[in-house]
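**Student:** sequence and predicted structure are below.
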Amino acid sequence: MELEDMPLEKKRDGDGEGTSKLVVEAKAEGKQTEGNARLYLTGCLFFTLISLVLMLAVIVLSVKSQTGSKDCPGTGDDGRCWNIFPKIQAQKLDCHQCGDGWLLFENTCFYLSTVRLNWSMSQKNCTAGKGDLAVISSQSVQTFLTGKAKSFFWIGLKHDANQWRWVDNSALGVRYWEDNLSNGDCGLLRGDGPPLKNWMRASCNSKAYFICEKQHTSLLTILWTTFFMYIKFCRIYGGDKKDDAKENLSSQLSVELEGERGKQTEGNARLYRAGCLFLTLICLVLVLAVIFLSVKLQTGSKDCPGSGEAGAGRTSTSLTATCNFDQCQTDFPDIQHQKLHCNQCGDGWLPFEKSCYFLSTMRSTWLMSMIECTTRGGRLAVISSQSVQTFLSGKRIGLFWIGLERPGSQWRWVDNRALGDSYWDDNLSEGDCGLLRGDGPPQKNWMRAPCAHSAYFICEKQA
């Protein structure tokens, strides 16, 4: 019986040798995969340091670019002229963080319209500007908007299905209704009322000004968000898991454990490799941001009045107490609003006096033209002086809507001012909206037309 058992023992010895060989091969593959994982981990750490350095450079350049653009000190005679006539000092205007016409408050941008629409059209107008009608989420926002608004403004509050809700579908919480409530399904904010009791109900078809809001997302916010997303990624997938297998397990179980360990290490290597690729993209974006901000900072410094090319080739003029504004503009023609680093008008806008004007290249109705101007941060042009009338008349040939309408028996501007000086054509047509004919004489080139006709339009906003 003992002799018969001997082949079985030899077979078991052969199986043990095969299993040991598998263990050795599994260990060798595991070491190679583990080496790759360590290499990718080292790369991740390297790119992390590079990203931090580049992010710091972007922050410094961003701050320097913003603060540097607010104050361009004059030098020489230019500086003396600017000191004598501070009204031409446009260099101290703040750069717009939200966009032209928008107000920044608590990481949110607000826009108070200069035209009146019904509630639905007001919401569509805000949506066209990548926002919504304002949602008043705190007393500080309520107080801020009350101090800015001086009339009746639509807010993003509507009565639907027996419940008042905001446009973001949140239920109405804290409320600031007036004591004497009127009927209606849409909410108004009365700017001249007390901050804690100035909400009104009104019919949604009524016309009123409106307040839009949108979230303010700066470059620094995007960078910080990306950085914290990466930190979260590292915390979840960055650690190596240790094997708690005991040494007294059988050889077959050891092979399985080595295989599992190899798969786990291979999985970590893939995660590290993905992390390296992600960090590489972040580094490239940050490098482009550094290059962009550096170029912007260098080119912007050339536009400071009284320095660089602006002062080259100019003969020095001694200024006396008799120097006046016109003489300063004649002696120093390079002092122009549009040459400032912080462009308060924007591309496509024409600066004149204290306003910016935009002449459209597409035609639309009077109402749609007014909405388009609002989305650009302005309104249809209000011609308040003969100089503005002359300036706009000589810019382009065509028929242009201006901010003049006849809602009743009197002509009024879109800012609710009554019509003063007028420049009507001798042959007046019928209609309740005003047009400016660009190829007509400046003193007589206004026309009347039906508001549903299509024409070009002129927008205006404050510089």
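**Tutor:** All right, it came through fine.

**Student:** neighbours of the closest residue to residue 196 other than its chain neighbours, how many?
**Tutor:** Closest residue to residue 196 apart from its sequence neighbours, by C-beta to C-beta, 6 or more residues apart in numbering: residue 176 at 5.6 Å. From N, CA and C alone the C-beta is placed, and that goes for glycine too. For residue 176, the neighbour count with other C-beta atoms under 10 Å is 18.

**Student:** is residue 176 in contact with residue 200, as I believe?
**Tutor:** No - applying C-beta atoms under 8 Å as the test, residue 176 and residue 200 come out as separate, 10.1 Å apart.

**Student:** residue 126 and residue 375: what is the separation?
**Tutor:** As for residue 126, its distance to residue 375 is 9 Å (criterion: C-beta to C-beta, to the nearest Å).

**Student:** more neighbours: which of those two?
**Tutor:** Between residue 126 and residue 375, counted using other C-beta under 10 Å, residue 126 has the larger neighbour count: 25 against 18.

**Student:** sec struct for the more buried one, please.
**Tutor:** Here residue 126 is recorded as helix under DSSP: H, G, I helix; E, B strand; the rest coil.

**Student:** quick check, pLDDT for it.
**Tutor:** Note on residue 126: pLDDT of 89.

**Student:** then residue 270?
**Tutor:** Listed pLDDT for residue 270 reads 78.

**Student:** what does the one 5 residues further on give?
**Tutor:** At residue 275, the pLDDT value in this model is 80.

**Student:** kindly export stretch 44-64 (C-alpha atoms) in CSV.
**Tutor:** Extracted in CSV, the C-alpha atoms of stretch 44-64 (Å, rounded to 0.1, in the frame of the first residue of the first chain):
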residue,chain,number,x,y,z
CYS,A,44,1.5,63.3,-11.3
LEU,A,45,3.5,64.9,-8.4
PHE,A,46,5.7,66.7,-10.9
PHE,A,47,2.8,68.1,-12.9
THR,A,48,1.1,69.1,-9.7
LEU,A,49,4.0,71.3,-8.7
ILE,A,50,4.1,72.8,-12.2
SER,A,51,0.4,73.5,-12.1
LEU,A,52,0.7,75.2,-8.7
VAL,A,53,3.5,77.5,-10.0
LEU,A,54,1.5,78.4,-13.1
MET,A,55,-1.6,79.0,-11.1
LEU,A,56,0.3,81.4,-8.9
ALA,A,57,1.6,83.2,-11.9
VAL,A,58,-1.9,83.5,-13.4
ILE,A,59,-3.2,84.9,-10.1
VAL,A,60,-0.4,87.5,-9.9
LEU,A,61,-0.8,88.6,-13.5
SER,A,62,-4.6,88.8,-13.2
VAL,A,63,-4.4,91.0,-10.1
LYS,A,64,-1.7,93.1,-11.6
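
**Student:** I'd like the average pLDDT over it.
**Tutor:** Average pLDDT, stretch 44-64: 82.

**Student:** what do you get for stretch 288-302?
**Tutor:** Across stretch 288-302, the per-residue pLDDT values average to 71.

**Student:** can you pull the buried residues of stretch 113-130?
**Tutor:** If you call a residue buried by 16 or more other C-beta atoms under 10 Å, then stretch 113-130 has these buried ones: 113-119, 121-123, 125-126, 129.

**Student:** point out where the stretch 301-450 of the chain drops to low pLDDT.
**Tutor:** Applying pLDDT under 70 to the stretch 301-450 of the chain picks out residues 301-344.

**Student:** count the neighbours of residue 280 for me.
**Tutor:** With other C-beta under 10 Å as criterion, residue 280 counts 14.
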